[in-house]
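Chemist: predicted model follows, preceded by the sequence.
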Amino acid sequence: MEISGKGLACERGGRLVFTGLGFSATGGRMLVLRGPNGAGKTSLLRLIAGVAEPAAGALSFTGAGEDGEIAPHVHFVAHQDAIKLHLTVEENLAFWAGFLGGGDIGTALDALNLRALRSFQAQRLSAGQKRRLGLARLALAPRPVWLLDEPTVGLDTHSQGLLASLMTAHLEAGNILIASTHIDLPVPSTDVLDFAGVTS
Amino acid sequence: MTSAFMSILKRDLTLAFRQGGGIGTAIGFFLTVVVLLPLGLGPDQNLLSRIAPGALWIALLLSVLLSADKLWQADYDDGSLEVMALSDTPLEVTALAKASVHWLTSGLPLAIAAPLLGFLLNLDTALVLPLMTAMVTGSLALSLLASLGAAITVGLRQGGLLVSLLILPLYVPVMIFGVLSTSGFQTSIDNSGTSLLILAAIVLVALVVSPFASAAALRSYLR
């Protein structure tokens, strides 16, 4: 399984964020996007997810789907947690399990240590707990491609460890993981794409 | 796909009852208009009876319009819409589910409440059943069109006015045939049956067009 891009350029709001960007992410190895704020890490993740379209260049995705469509195979965790504040933790997960097709809520609760909080409404959670609830979607429905945009924001050291073990398990199954992060997560076999060199 | 549809239905109905905002606002507004009308027009029983179907339809339309612009807002703001778009559930199905929820929480309760409130306007009892039938049918089209209008303006701050301007022209035929099928404007020729069929046809057209148009509009915002 592989996702690669060649000569990618991204334009946002009339501004060229980056040009001539090439990368390759293979199954089993985490690709870390690194670079200063505004370098285009989020933009690249949006391009890969197919939410946005590149101004130039081409993306290719081989492996999971026969159709070449990447969107149904992706977990894209952006800055927003995609949770409903007036639903309980469990109800939030139950909704995504139903919508994304299957998935065991119990596993997801345990994966990010949310079991004790499951009957609380999400509005009562702290920022870090909300983030964990947002990330629990990863453990809910299996998807071969994870695109994580600064997943560690708001997480304490223990939760970062939980996330890292979730990521490691994902990689060991030969799946693709691309994450932008400013801290080093204890995940084996990591490639780094540094945006300092590609920004215009 | 069915489970995705049902998941949205369940989640949004839970949210609607827990937050109370949507249904409460719509019914409260409906009630306010209907209660104020006879106070403003004076106690002329014949006049009230004559205008009752039209007045109830106008009140229904405005109440539905009131909640229309919020239809996609929450999902867009909290990132749920992006996750929904990145799944194997087509966005069209999501759009249909959201429109259904809107109907269940605004159009349907209002259509059921309308005959009761109609007594405040001296509504002819013979018109109660036709009015309810027409409103239940017509409000389906109102919700489907609301989904379209809300999808077109979801990324805009203060899009409320624009939603009204966009979908008001589309609401006009619904109201005309809705009122016609309720009372036939109390003319000598009874064309209420035909009007109800035309109203149903409008619903069917909206049912086909609205999910696709809403999904297309939403995709353009997510890019």
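Modeler: Received it, and whenever you're ready, just let me know what you need. Given the structure is predicted, the values throughout are model-derived calculations rather than measurements.

Chemist: let me see the contact set for the residue in chain B that chain A sits nearest to.
Modeler: Closest to chain A within chain B is B:G79: 2.9 Å, counting by Cβ to the nearest Cβ. C-beta: built from backbone N, CA, C; applies to glycine. Contacts for B:G79 (Cβ atoms under 8 Å, 6 or more residues apart in numbering or on different chains) come out as A:78-82.

Chemist: secondary structure element for A:G57?
Modeler: Following DSSP states H and E, one finds A:G57 within strand A:56-62.

Chemist: run me through the strand neighbours of that strand, direction for each.
Modeler: Strand A:56-62 has the following strand partners under DSSP bridges: strand A:2-12 (antiparallel).

Chemist: tell me what the longest helix seen in chain A is packed against?
Modeler: Counting residues, the longest helix in chain A under DSSP state H turns out to be helix A:157-172. With contacts taken as 3 or more Cβ pairs under 8 Å, 6 or more residues apart in numbering or on different chains; DSSP states H and E, helix A:157-172 sits against helix A:127-140, strand A:176-180.

Chemist: interface residues of chain B facing chain A?
Modeler: B:3-4, B:6-8, B:10-11, B:14-15, B:18-19, B:74, B:77-80, B:82-89, B:222-223 (Cβ under 8 Å from any Cβ of the partner chain).

Chemist: show the buried residues in those residues.
Modeler: Among the residues of chain B next to chain A, those scoring as buried are B:4, B:7-8, B:10-11, B:14-15, B:74, B:78-80, B:82-87, B:89, B:222 (criterion: 16 or more other Cβ atoms under 10 Å in any protein chain shown).

Chemist: now do the contacts for the closest residue to A:S189 other than its chain neighbours.
Modeler: Ranked by Cβ to Cβ, 6 or more residues apart in numbering or on different chains and with sequence neighbours excluded, the top spatial neighbour of A:S189 is A:R29, at 4.7 Å. The contact partners of A:R29, taken as Cβ under 8 Å, 6+ apart, are A:171, A:177, A:189-191.

Chemist: if we use 7 Å, what do you get?
Modeler: By Cβ atoms under 7 Å, 6 or more residues apart in numbering or on different chains, the contact list for A:R29 reads A:171, A:189, A:191.

Chemist: now, which of these sits nearest A:A55?
Modeler: A:D191 (24.7 Å; Cβ to Cβ).

Chemist: so that closest one sits in a strand?
Modeler: Yes: assessed by DSSP: H, G, I helix; E, B strand; the rest coil, A:D191 belongs to a strand.

Chemist: ok, what's across the strand from it?
Modeler: So, taking DSSP bridges as the rule, A:D191 has A:L31 as bridge partners.

Chemist: low-confidence stretches in the chain?
Modeler: Just going to use chain A. Residue ranges of chain A with pLDDT under 70: A:64-68, A:197-200.

Chemist: that answer is for a different chain, and I need it for chain B
Modeler: Ranges of chain B meeting pLDDT under 70: B:20-22, B:184-189.

Chemist: looking at it, which helix is longest?
Modeler: helix B:192-222.

Chemist: grab the nearest non-local neighbour of the residue in chain A that chain B sits nearest to.
Modeler: Proximity of chain A to chain B (Cβ to the nearest Cβ) peaks at A:Q80, 2.9 Å away. Spatial nearest neighbour of A:Q80, chain neighbours left out: B:G79 (2.9 Å); criterion: Cβ to Cβ, 6+ apart.

Chemist: tell me which residues touch the residue nearest to the spatial centre of chain A, please.
Modeler: When Cα atoms, centre = their mean is applied to chain A, the residue found nearest the centroid is A:L148 (2.0 Å). A:L148 makes contacts with A:77, A:179, as judged by Cβ under 7 Å, 6+ apart.

Chemist: can I assume it sits in a strand?
Modeler: Yes: assessed with three-state DSSP, A:L148 lies in a strand.

Chemist: who does it bridge with?
Modeler: Here A:L148, judged by DSSP bridges, has bridge partners A:V77, A:A179.

Chemist: from A:N92, how far off is it?
Modeler: Counting by Cβ to Cβ, to the nearest Å, the gap from A:L148 to A:N92 is 19 Å.

Chemist: next: A:L177.
Modeler: From A:L177 to A:N92 the distance is 23 Å (Cβ to Cβ).

Chemist: which residue sits closest to residue 128, ignoring its sequence neighbours?
Modeler: No chain was given, so I picked chain A. A:G154 (4.2 Å).

Chemist: chain B, not that one
Modeler: B:P115 (4.4 Å).

Chemist: ok, now which ones touch that neighbour?
Modeler: B:128, B:131-132.

Chemist: and with 10 Å instead?
Modeler: Neighbouring residues of B:P115 by Cβ atoms under 10 Å, 6 or more residues apart in numbering or on different chains: B:56, B:123, B:125, B:127-129, B:131-132, B:135.

Chemist: over to B:I198?
Modeler: Counted by Cβ under 10 Å, 6+ apart, B:I198 has contacts B:173-174, B:176-178, B:180-181, B:191.

Chemist: of the residues you listed, which is the most crowded?
Modeler: Among the contacts of B:I198, the one with the most neighbours (other Cβ atoms under 10 Å in any protein chain shown) is B:G178, at 30 neighbours.

Chemist: against B:M132, how distant is it?
Modeler: Look at B:G178 and B:M132: by Cβ to Cβ, they are 11 Å apart.

Chemist: can you check B:V163 too?
Modeler: 27 Å.

Chemist: between these two, which has more neighbouring residues?
Modeler: B:V163 (23 against 17).

Chemist: list the helices and strands the host helix or strand of that one packs on?
Modeler: Element membership for B:V163 (DSSP H and E) is helix B:160-183. Counting contacts by 3 or more Cβ pairs under 10 Å, 6 or more residues apart in numbering or on different chains; DSSP states H and E, helix B:160-183 packs against helix B:45-68, helix B:128-153, helix B:192-222.

Chemist: ok, B:A216 - contacts?
Modeler: Counting by Cβ under 10 Å, 6+ apart, B:A216 touches B:91-92, B:95, B:148, B:151-152.

Chemist: so the residue nearest to A:S60 when sequence neighbours are not counted bridges to which residues?
Modeler: Nearest non-adjacent residue to A:S60, counting by Cβ to Cβ, 6+ apart: A:S4, 5.5 Å away. According to DSSP bridges, the partner residues bridging A:S4 are A:S24, A:S60.

Chemist: A:S4 touches A:I178, doesn't it?
Modeler: No: using Cβ atoms under 10 Å, A:S4 makes no contact with A:I178, being 11.3 Å away.
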